[in-house]
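S.K.: give me a model of this one.
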Amino acid sequence: MASKLPPPPIVNPKRKNFLGQPAPQGYVAGVGRGATGFTTRSDIGPARDANDVPDDRHPAPAKRKKDDEEDLEEDLNDANYDEFAGYGGSLFNKDPYDKDDEEADAVYEAIDERMDEKRREYREKRRKEEIEKYRQERPKIQQQFSDLKRELCAVSEDEWKNIPEVGDARNRKQRLHGRREKFTPLPDSVLTRNLGGESGTSIDPKSGLASAFPGMLTPTGDLDLRKIGQARNTLMDIKLNQVSDSVSGQTVVDPKGYLTDLQSMIPTYGGDINDIKKARLLLKSVRETNPNHPPAWIASARLEEVTGKLQAARNLILRGCETCPHSEDLWLEAARLVPVDTAKNVIAQAVNHLVNSVKLWIKASELEQDMKAKKRVFRKALEHIPNSVRLWKAAVELEEPEDAKILLSRAVECCPTSVELWLALARLETYENARKVLNKARENIPTDRQIWITAAKLEEAHGNTTMVEKIIDRSINSLAANGVEINREHWLKEAVDAEKSGAVLTCQAIIKFVIGHGVEDEDRKHSWLEDADNFTSQGAFECSRAVYSHALEIFPAKKSIWLRAAHFERQHGTRDSLESLLQRAVAHCPQAEVLWLMGAKSKWLAGDVPAARSILSLAFQANPNSEEIWLAAVKLESENWEYERARKLLAKARNSAPTPRVLMKSAKLEWHLGDLGEALKQLQTAIEQFPDYPKFYMMQGQIHGLQQRMTLARDSYSLGTKKCPTSVPLWLLLARLDESQGNMTRARSVLEKARQKNPQNPQLWLEAIRLEWKTGLKDIASAMMAKALQDCPTSGLLWAETIFLVDRPQRKTKSVDALKKCEHDPHVLLAVSKLFWTERKTQKCREWFNRAVKIDPDFGDAWGYFYKFELLHGTAEEQNDVKKRCVQAEPRHGEVWTTISKSPQNWRAKTEDILLLVAEALPVPV
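M.R.: Predicted coordinates for the structure are as follows:
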């Protein structure tokens with residue numbers, strides 16, 4: 001019998017016991033071998049760019065609710081662990097949230113907020129700078145066309161109408177697409193003709209044309225479409241006949257009258273109706289509570305007037321007059337509200353109740369149309385109120401001179417304290433009677449200055465000039481004796497009024513006796529000069545002249561006052577007055593060279609050369625060996641073609657006063673006369689005596705340049721830069737010489753060395769920038785301009801050049817920046833004027849030119865551009881005005897102006913001639 005095999009075991013001994021069981025928490029396959037888990041494409045989804053539009057067909061899995069998240073266990077897998085931040089989830093998600101946790105979270109939030117606040121200012125500033133930089137690089141279309149949009153305000157209505165319509169650039173198919181979609185209803189005849197192919201005019205309800213909806217069948221009977229059209233026409237005719245004339249067929253509706261009626265129906269008050277009701281109830285309560293309060297009646301009437309109920313306003317104001325018959329304001333308001341005819345009766349009743357009311361009498365005269373009636377009203381009023389100055393003045397204004405004189409005689413008796421009445425009577429009387437009237441006025445009113453001033457004007461008008469100063473002096477003493485304060489400002493204003501009325505002597509007398517009141521001794525000079533400037537600004541030149549005259553009497557040895565007075569006479573006086581003033585000036589200040597020179601120049605300009613020579617000879621006696629007088633005498637002789645006398649004078653000056661200017665003028669005279677050899681000889685001698693005077697080297701180099709000896713010219717300039725390293729013109733001449741020779745590299749080196757010797761000099765920067773611009777290196781020029789503006793941020797010369805270096809759309813922005821940096825610089829103002837010139841804004845251009853020459857009248861280039869502008873766009877009168885102002889200003893500076901004025905062929909040219917040459921040489925800005 002075969003033995004049986006044992007039964008197989010229930011558990012396979014070779015099978016691992018963990019197979020088929022769930023993995024323990026936190027288990028990661030291969031962690032013992034150092035594995036940390038991995039992620040497949042199925043875990044994160046298909047590859048997608050960050051900027052791709054999300055695909056809605058595969059939405060993200062919905063987020064779990066909070067309760068579900070709490071139920072989940074913490075993910076402590078190594079794949080969820082970061083060395084810096086730790087685990088991605090919360091390790092303590094199941095723990096209770098107590099006060100300590102809340103306090104810790106609050107502390108961390110405060111720290112985060114504090115750290116964010118510290119960086120916020122820097123972050124916002126950096127973001128703002130990035131936005132500004134982005135906007136500058138890529139401006140909006142709105143910003144690019146902002147200047148053009150601003151110019152639309154100057155477009156006239158006719159120009160708007162003449163703007164052509166924009167054409168339709170679409171093709172024919174696109175243009176006709178909308179039209180093909182339109183449907184036009186067919187007329188009745190077409191419908192009738194095509195109904196079932198019949199030509200009848202009715203529709204048979206049995207023909208099958210029934211409604212597709214139940215209960216909406218076509219009504220029984222025939223529908224005559226022709227009758228429907230006729231009925232429609234009939235209704236239209238009825239409407240038209242309502243507004244038409246049956247005879248002529250023309251419309252009888254007046255459109256203007258119709259609109260006027262509509263306008264009258266609209267209430268004039270635009271507020272809330274509830275506010276009106278509240279105000280009405282409130283005023284009614286005030287009237288009932290205190291019926292004797294006139295403002296309540298006036299306010300009620302004005303409320304009704306504003307709301308358009310004029311009759312109710314009249315009724316209210318008349319009731320108020322009955323209730324308060326002694327209120328002047330109520331009667332005047334009633335006279336305003338009621339018609340003119342009724343107003344006369346209202347004023348008559350008012351005068352019966354208030355016979356002493358001046359306003360009511362004046363209102364009564366205003367309501368009268370006849371002149372006799374007006375006079376009658378005023379005379380009746382004066383019977384009741386004889387002491388009213390206002391009534392007397394109104395009555396006098398209506399009378400003729402003779403009758404007015406009689407009325408004024410009575411008026412001053414009734415109103416003896418009225419200055420105006422006394423003065424009016426004095427003006428109407430004769431000279432003798434006027435003096436008597438003014439004496440009576442002074443007796444009645446001893447405290448008023450107007451009477452004294454009028455008396456002085458009266459004496460001046462009749463030629464009694466000796467009494468003018470006596471009257472003014474006596475008036476000040478009398479007023480002071482009567483306790484009247486002498487107000488300096490009021491008296492000076494009276495002096496200005498006296499000058500405007502033609503009383504010059506009275507004006508001078510007032511200033512002579514009042515100018516010193518209330519001024520300390522140490523402040524007199526400063527205060528008086530300020531007064532003179534104020535008078536000049538007001539156009540009161542005689543007052544200014546009187547102030548200067550009095551100041552010179554007190555301070556006869558003050559050269560500054562004499563100079564101010566001389567400048568005043570040169571601008572606002574005559575040549576005779578200037579010369580007489582200068583004669584007195586040199587008598588008191590013989591050491592003041594400028595006064596002698598002004599006197600000699602005045603005589604020379606008048607053509608009196610011998611008198612100018614005599615003045616200069618007297619000046620030599622008073623100021624021996626004076627450089628200014630020597631040079632003035634040389635200029636006088638050279639301007640009058642007396643070259644030999646000029647040479648002799650210069651020879652004497654070199655022996656007695658060998659100053660650098662005298663030596664320079666000597667060499668310059670020889671240069672201008674064509675003797676270049678003698679000029680170089682004198683310059684060499686001058687350099688030996690004064691080696692640190694830069695103009696000698698400039699002149700020597702220029703003469704060598706005229707002789708085409710460029711090497712010697714460069715040697716002169718180089719030696720000059722070594723001896724005078726701070727002389728900017730020398731460096732510029734040396735750089736320009738190298739540039740003219742084609743040595744751009746050497747010119748750059750010279751300018752670089754000059755900037756090292758003279759830092760923060762805008763002229764050297766400008767020359768270097770122009771050098772790069774001429775050679776075509778515009779990028780380098782722009783970069784150099786940026787450096788120059790950093791080195792000299794307030795240089796108007798550089799800002800003016802910057803405006804025209806940039807492209808045209810950016811010029812306006814640069815001009816605004818330039819004006820912010822240096823608002824009152826003449827170079828910037830000139831550049832802005834040229835900018836307006838390029839934009840054809842002639843009026844603005846003219847205004848800015850005037851501003852430029854007013855700020856710096858010595859800037860010759862501004863005058864040249866201004867005159868050239870007027871030659872192209874102005875009238876002959878405007879051109880002459882600019883020329884005249886330029887001759888008076890006598891400009892001496894400016895880049896182009898000095899180049900032309902100091903040219904040897906123009907050495908005897910006048911200011912007017914130089915202006916013409918400069919205007920011709922200057923280019924038209926583009």
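S.K.: which helix of this protein spans the most residues?
M.R.: helix 99-137 (DSSP state H).
S.K.: quick one: that helix to chain centroid distance?
M.R.: Computed by CA atoms, centre = their mean, to the nearest Å, the chain-centroid distance of helix 99-137 equals 41 Å.
S.K.: what element comes up after it heading to the C-terminus?
M.R.: The helix or strand immediately downstream of helix 99-137 is helix 141-144, counting by DSSP states H and E.
S.K.: packing partners for that next one?
M.R.: Judged by 3 or more CB pairs under 8 Å, 6 or more residues apart in numbering; DSSP states H and E, helix 141-144 has no packing partners among the helices and strands. (Glycine included, C-beta is placed from N, CA and C.)
S.K.: CA atoms of it as CSV?
M.R.: Extracted C-alpha coordinates of helix 141-144, given in CSV (Å, rounded to 0.1, in the frame of the first residue of the first chain):
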residue,chain,number,x,y,z
ILE,A,141,1.2,107.6,-29.2
GLN,A,142,-0.7,110.1,-27.1
GLN,A,143,2.6,111.6,-25.7
GLN,A,144,4.1,111.7,-29.2
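S.K.: what does that helix contact?
M.R.: 135, 809 (CB atoms under 8 Å, 6 or more residues apart in numbering).
S.K.: tell me the mean pLDDT over it?
M.R.: For helix 141-144, mean pLDDT rounds to 74.
S.K.: do stretch 22-38 as well
M.R.: The model assigns stretch 22-38 a mean pLDDT of 65.
S.K.: which other helices and strands contact the longest helix of the chain?
M.R.: Going by 3+ CB pairs under 8 Å, 6+ apart, helix 99-137 lies up against no helix or strand.
S.K.: for that helix, buried residues please.
M.R.: By neighbour count with 16 or more other CB atoms under 10 Å, helix 99-137 contains no buried residues.
S.K.: what's the mean pLDDT across that helix?
M.R.: On average, helix 99-137 scores 84.
S.K.: got it, and stretch 735-752?
M.R.: Across stretch 735-752, pLDDT averages out at 87.
S.K.: can you give me the buried ones in that stretch?
M.R.: For stretch 735-752, a neighbour-count test (16+ other CB under 10 Å) marks 735, 737, 738, 739, 744, 746, 747, 748, 750, 751 as buried.
S.K.: just those residues: which are in helices?
M.R.: Reading helices off those with DSSP H, I get 735, 737, 738, 739, 744, 746, 747, 748, 750, 751.
S.K.: which of those residues sits closest to residue 680?
M.R.: Nearest to residue 680 out of those is residue 737 (CB to CB; 17.3 Å).
S.K.: pretty sure that closest one sits against residue 714.
M.R.: Yes. Under the criterion of CB atoms under 8 Å, residue 737 makes contact with residue 714 at 5.8 Å.
S.K.: need the residues touching each of the two.
M.R.: Joint contacts of residue 737 and residue 714 (CB under 8 Å, 6+ apart) are residue 701.
S.K.: between the two ends of stretch 133-141, how far is it?
M.R.: 16 Å (CA to CA, to the nearest Å).
S.K.: can you confirm residue 446 is in a strand?
M.R.: No. Residue 446: not assigned to a strand; according to DSSP: H, G, I helix; E, B strand; the rest coil it is coil.
S.K.: for it, which non-adjacent residue is spatially closest?
M.R.: Spatial nearest neighbour of residue 446, excluding adjacent residues (CB to CB, 6 or more residues apart in numbering): residue 482 at 5.1 Å.
S.K.: any idea how many residues pack against the nearest residue to residue 859 once chain neighbours are set aside?
M.R.: Leaving aside its chain neighbours, residue 859 sits nearest to residue 826 (4.6 Å; criterion: CB to CB, 6+ apart). As a burial measure, residue 826 scores 24 neighbours (other CB atoms under 10 Å).
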